[in-house]
Every structure is written in C-alpha cells, then in structure tokens.
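Participant: Provided below are the primary sequence and the corresponding predicted coordinates.
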Amino acid sequence: MRLVAQLLAAAGILAEGLVVGGLLFVLGGVVDAYSMSLNGADPGDAQVAIRVAAVVLGLALAALGAGLGRAALRHRPARRLTMAALVVQCVVVAVAGVALGWAVFLGALLVLGFLLWVQLDEQPLEAEGR
C-alpha cells in the first residue's frame, strides 16, 4: 500500500507544482501588463520577483514529487530530507487549502491525506527478491 500512497502523493505534488508555478508565472505577467504597484514596488521588479518565486516553487515541488516517486518505484520509504520536506508540504497544503476556498481545500485535503498516509505507514517493506 505504501507504493500506491507514494505514487498518488507524488502525482498530487507534481500537479500542485505545475498549477502553483503556472499561476504565479501568469500573475507576474498580469502585474507587468497592468503596471500594478505592489506596495509601491516597481512593476517590472515585482514581475521578476513573482516569476522567480514561481520557478523556484515549481521546481521545489517537482523535486519533492520526483523524490517521493523515486522512493515508491524503489519500494523504499522516503529518506530523511524528503520526509522533512513532506512535513513542510503538509503544512503548506493545509494552509493553502483553507485560504483559497472549498474546491482547493478539498483537493488539498486529498493530497494531504496521501502525504500523511506515506508518513505514517509503518508496515514492513517487502523483501527485495532475496
């Protein structure tokens, strides 16, 4: 069951990375197109900052999803760094889900459930073919 949970959590995190990164990237374009002043900042600087945040966040979530997917395909639990990142991801998913409305909250709750399942699954791993 760990394999299923890890693969579903990895797919959810990869999808979240694409959606969040894409939306932030588009938001950066909107800020520049409408010359929006974010708390008095230059719109060009704001666009660059938002787009850099989009790329960094998208890549971080993609790396986390890939690490979890790699662990699943190797039939091993996630490593320490991945587990620490998953704890942070659980907190971010819960806060984002509550802040962004019911539809996002339900999707976030689904991903959060799979993340918690991966973290709390203490079943012994199958033998590695020996």
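Facilitator: Thanks, I have it.
Participant: make it CA atoms for all contacts and neighbour counts henceforth
Facilitator: OK.
Participant: next SSE after the strand or helix carrying residue 26?
Facilitator: Here residue 26, judged by DSSP states H and E, is contained in helix 2-33. Counting by DSSP H and E, the next helix or strand C-terminal to helix 2-33 is helix 43-73.
Participant: how distant is that following helix from the center of its chain?
Facilitator: 8 Å (Cα atoms, centre = their mean, to the nearest Å).
Participant: I would like the residues contacting the next helix or strand after that helix, please.
Facilitator: Sequence-wise, the next helix or strand downstream of helix 43-73 (DSSP H and E) is helix 80-99. Helix 80-99 is touched from outside by 64, 67-68, 104-109, 111-112, 115-116, 119, with contacts defined as Cα atoms under 8 Å, 6 or more residues apart in numbering.
Participant: so helix 80-99 versus helix 2-33, what angle?
Facilitator: Helix 80-99 and helix 2-33 are oriented at 60 degrees to each other (axes from the mean of the first three to the mean of the last three Cα atoms, to 10 degrees).
Participant: Could you list the residues in contact with the helix or strand following helix 80-99?
Facilitator: For helix 80-99, the following helix or strand on the C-terminal side (DSSP H and E) is helix 102-120. Residues outside helix 102-120 that contact it (Cα under 8 Å, 6+ apart) are 2, 5-6, 8-9, 12-13, 83, 86, 90, 93-94, 96-98.
Participant: Counting neighbours, which bits of helix 102-120 end up buried?
Facilitator: 105, 108, 109, 111, 112, 114, 115, 117, 118, 119 (16 or more other Cα atoms under 10 Å).
Participant: now stretch 63-78
Facilitator: For stretch 63-78, the neighbour count (16+ other Cα under 10 Å) marks 63-72, 75-78 as buried.
Participant: what's near enough to touch the nearest residue to residue 44 once chain neighbours are set aside?
Facilitator: Among residues not flanking residue 44 along the chain, residue 32 sits closest, at 5.9 Å (Cα to Cα, 6 or more residues apart in numbering). Residues near residue 32 by Cα under 8 Å, 6+ apart: 43, 44, 46, 47.
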